[in-house]
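Asks: Sequence isn't available, so here's the structure alone:
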C-alpha cells in the first residue's frame, strides 16, 4: 500500500511519468529492518505482489493474507489520472516469470552478467504463460549496467576500478571467486556491460533489442566510483547520440 500511495503521488507531480518496477532484489538486509523472517521470502513477495496488482485497479480492495492485516472494501488515495504502469523485475527465475504473467505485470529482465540472448527462453515462457492464464500481453524490458564516453578506451578506464571494487566486495559477501583477468573485457565484448563510445554502446544495445525483441532498454549508468560529472556526461551522450543511433539501426 505504501508503494502504491507514494508512486501515485509521484505520478501526480511528474505529470504521469512515474512507473513501478517491483522486485525482491538481490540483497536481504531489508528483511530484519522491517521485522520479517527471511524464511518467508517467497510468501512475502507473492502476497505483496498480489495486493499491489489489486491496488493498481484503483477500486475498493478486499484482500486477506498471512503477512499483513486484511483489507475490506478499502479505498487507497491518491488516485491517478491515467493509472500506473507497473513491471516486475526478474533476475532469471522461471517461477518469477510465470508469477509476473499471472498477475498481469510487464516483465523487466535484470541482465547484469553474461550474454543477453540466454534470456530469450524466459521471454518465450512469459508469452506462453500469459496465453495460458488468459492475461493481456504485456511489454518486456531489459535492465543492464553501462557507461558512455567519447571513446571506448575512455569509457573502460573510467569504469574499471569501480566495477572491480563492487564485483570483489559482492563476491566476498556471497562466496563468489574474485574477478579473473579478462572478466571485465569479456563482459563488455560479449556480456552485459554496455560500456564504450556512443557507436559501440548503440551497436550492442540495438543487437540486444533485435535478439530479444524487447520493448524497452534501461541503462544502469551509475557505475560505482565514477565522478558525478562523468555520470552526467554519460547521460548526455546516451540521450543525444546513443538513442538516435539505436533508432536508426533498428530502422
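Replies: Structure's in. What do you need? These numbers come from a predicted model, not from an experiment.

Asks: any low-confidence regions in the stretch 51-200 of the chain?
Replies: Along the stretch 51-200 of the chain, no part satisfies pLDDT under 70.

Asks: At which residues are the helices of it located?
Replies: 94-103, 120-133, 152-174, 183-190, 198-212 (DSSP state H, counting those that start in this stretch).

Asks: Now render those as CSV, adding distance to residue 34 and mean neighbour count.
Replies: From N, CA and C alone the C-beta is placed, and that goes for glycine too. Output for these, formatted as CSV (distance: least, CB to CB, whole Å; neighbours: other CB atoms under 10 Å):
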stretch, distance to residue 34, mean neighbour count
helix 94-103, 21, 19
helix 120-133, 29, 15
helix 152-174, 20, 15
helix 183-190, 33, 16
helix 198-212, 34, 19
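
Asks: would a markdown table of those helices with distance to residue 243 be doable?
Replies: Output for those, formatted as a markdown table (distance: least, CB to CB, whole Å):
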| stretch | distance to residue 243 |
| --- | --- |
| helix 94-103 | 27 |
| helix 120-133 | 22 |
| helix 152-174 | 17 |
| helix 183-190 | 20 |
| helix 198-212 | 8 |
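
Asks: Go through those and name the closest to residue 38.
Replies: Relative to residue 38, the nearest member of these by CB to CB is helix 152-174, separated by 14.5 Å.

Asks: And that closest one, what does it pack against?
Replies: strand 140-148, helix 183-190, strand 194-196 (3 or more CB pairs under 8 Å, 6 or more residues apart in numbering; DSSP states H and E).

Asks: Mind checking the helices of the stretch 51-200 of the chain for the one nearest to residue 24?
Replies: helix 94-103 (8.1 Å).

Asks: Tell me how far the closest one lies from the chain's centre.
Replies: 15 Å (CA atoms, centre = their mean, to the nearest Å).
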